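# With the sequence up front, the predicted model follows.
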Amino acid sequence: QVQLVESGGGLVQAGGSLRLSCTASGRTFSSYRMGWFRQAPGKEREFLAASSWSGGITNYADSVKGRFTISRDNAKNTVYLQMNSLIPEDTAVYYCAAGGMGRDPRQLSSYTYWGQGTQVTVSS
């Protein structure tokens, strides 16, 4: 079992930055692919970024490429999402997820464990 807890969300003005953190319980964090997703009101949950177990391979959605950066610290059982140049359209609940390697990192079904989410609101 892996439990995930996100933090770092909040209210920020357009053009600003936030760094989200996701801390995992359990001894096998370093063996999981980690992903970040978001869900805006009335919309489906969408993929943002993923990191391989070592952090050596990352994937990004086109909508956030160049603005968001995923990283992980396996010693701290934590994965991060640095978000820069935020726009109002980034307003959503942000979720981290853990899943096995060898599956499509962009698919929700590739992830077994999910956090409760943290709200990010970007004002114009």
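Okay, I see it. Numbering: from 1, shown residues only.
# which ones are touching the closest residue to Val64 other than its chain neighbours?
On the basis of CB to CB, 6 or more residues apart in numbering, the spatially nearest residue to Val64 that is not a chain neighbour turns out to be Leu48, at 5.4 Å. Every C-beta, even on glycine, is put in place using the N, C-alpha and C of the backbone. The contact partners of Leu48, taken as CB atoms under 8 Å, 6 or more residues apart in numbering, are Gly35, Trp36, Phe37, Arg38, Tyr60, Ala61, Ser63, Val64, Phe68, Ile70, Leu81, Tyr94.
# For the helix or strand that contains the last one, list the C-alpha coordinates in CSV.
For Tyr94, the enclosing helix or strand under DSSP states H and E is strand 92-99. Backbone C-alpha positions of strand 92-99 (Å, rounded to 0.1, in the frame of the first residue of the first chain) are rendered in CSV as follows:
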residue,chain,number,x,y,z
ALA,A,92,-8.1,22.9,-10.9
VAL,A,93,-7.6,20.3,-8.2
TYR,A,94,-4.2,18.7,-8.6
TYR,A,95,-3.6,15.1,-7.9
CYS,A,96,-0.5,13.0,-7.6
ALA,A,97,-0.5,9.3,-8.4
ALA,A,98,1.8,6.3,-8.2
GLY,A,99,1.9,3.4,-10.6
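# Against which helices or strands is that strand packed?
Judged by 3 or more CB pairs under 8 Å, 6 or more residues apart in numbering; DSSP states H and E, the packing partners of strand 92-99 are strand 4-7, strand 18-24, strand 33-39, strand 78-83, strand 113-114, strand 118-123.
# Could you rerun that using 7 Å?
For strand 92-99, the packing partners by 3 or more CB pairs under 7 Å, 6 or more residues apart in numbering; DSSP states H and E come out as strand 4-7, strand 18-24, strand 33-39, strand 113-114, strand 118-123.
# rewinding a little: the residue nearest to Val64 in helix, strand or coil?
Per DSSP: H, G, I helix; E, B strand; the rest coil, the local secondary structure of Leu48 is strand.
# what's the residue sitting nearest the centre point of the chain in contact with, if anything?
The structure's the chain has its C-alpha centroid closest to Trp36; by CA atoms, centre = their mean the separation is 2.2 Å. Under the criterion of CB atoms under 7 Å, 6 or more residues apart in numbering, the contact partners of Trp36 comprise Leu48, Ala49, Ile70, Leu81, Tyr94, Cys96.
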